[in-house]
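> With the input below, show me the fold.
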Amino acid sequence: MRRSPHETSARVQSSGLAVMTESFVIANGEQTRAVIPCSIEQFLVAHQLPPRSVVVEHNGEAVAPSEFPKRQLAGGDRLEIVKIVAGG
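Model (predicted):
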């Protein structure tokens, strides 16, 4: 089995049904670890970013917050994440 250049290790869940791979995505221009497969929402929570407090672009496409739980990341994907700041 060939690994993507973005993969570093693979684990099989005890059920044997799902394979989760530690990989990298590019978040705001920096290589960042991610366990793939995961949704944008899972990635944000894993990196202490509340999904309701950010705007996300995935591979050059703006993503609606309602899509965060559905949109899956793959190794090498690019994210631009901007924190929303309230105030006046």
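> can you pull out the strands in this structure?
Under the criterion DSSP state E, the chain contains strands at 9-12, 19-27, 30-36, 38-39, 54-58, 61-63, 72-73, 78-83.
> Could you dump these into TSV with distance to His47, mean pLDDT and mean neighbour count added?
All C-beta spots, glycine's among them, are computed from the backbone N, C-alpha and C. Below are the strands of the chain laid out as TSV (distance: least, CB to CB, whole Å; pLDDT from 0 to 100; neighbours: other CB atoms under 10 Å):
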stretch	distance to His47	mean pLDDT	mean neighbour count
strand 9-12	19	46	10
strand 19-27	8	90	18
strand 30-36	7	94	15
strand 38-39	11	96	17
strand 54-58	10	98	17
strand 61-63	16	98	12
strand 72-73	12	97	18
strand 78-83	9	97	14
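> Put together a markdown table for the ones you listed, with distance to Val45 on each row.
As requested, those are exported to a markdown table (distance: least, CB to CB, whole Å):
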| stretch | distance to Val45 |
| --- | --- |
| strand 9-12 | 19 |
| strand 19-27 | 14 |
| strand 30-36 | 12 |
| strand 38-39 | 9 |
| strand 54-58 | 11 |
| strand 61-63 | 15 |
| strand 72-73 | 13 |
| strand 78-83 | 12 |
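> Mind listing the residues bridging to the nearest residue to Glu80 once chain neighbours are set aside?
The shortest distance from Glu80 to any non-neighbouring residue, by CB to CB, 6 or more residues apart in numbering, is to Glu57 (4.1 Å). Taking DSSP bridges as the rule, Glu57 bridges to Ala62, Glu80.
> if I pick Glu57, what's in contact with it?
The neighbours of Glu57, taking CB atoms under 8 Å, 6 or more residues apart in numbering as the test, are 63, 79-80.
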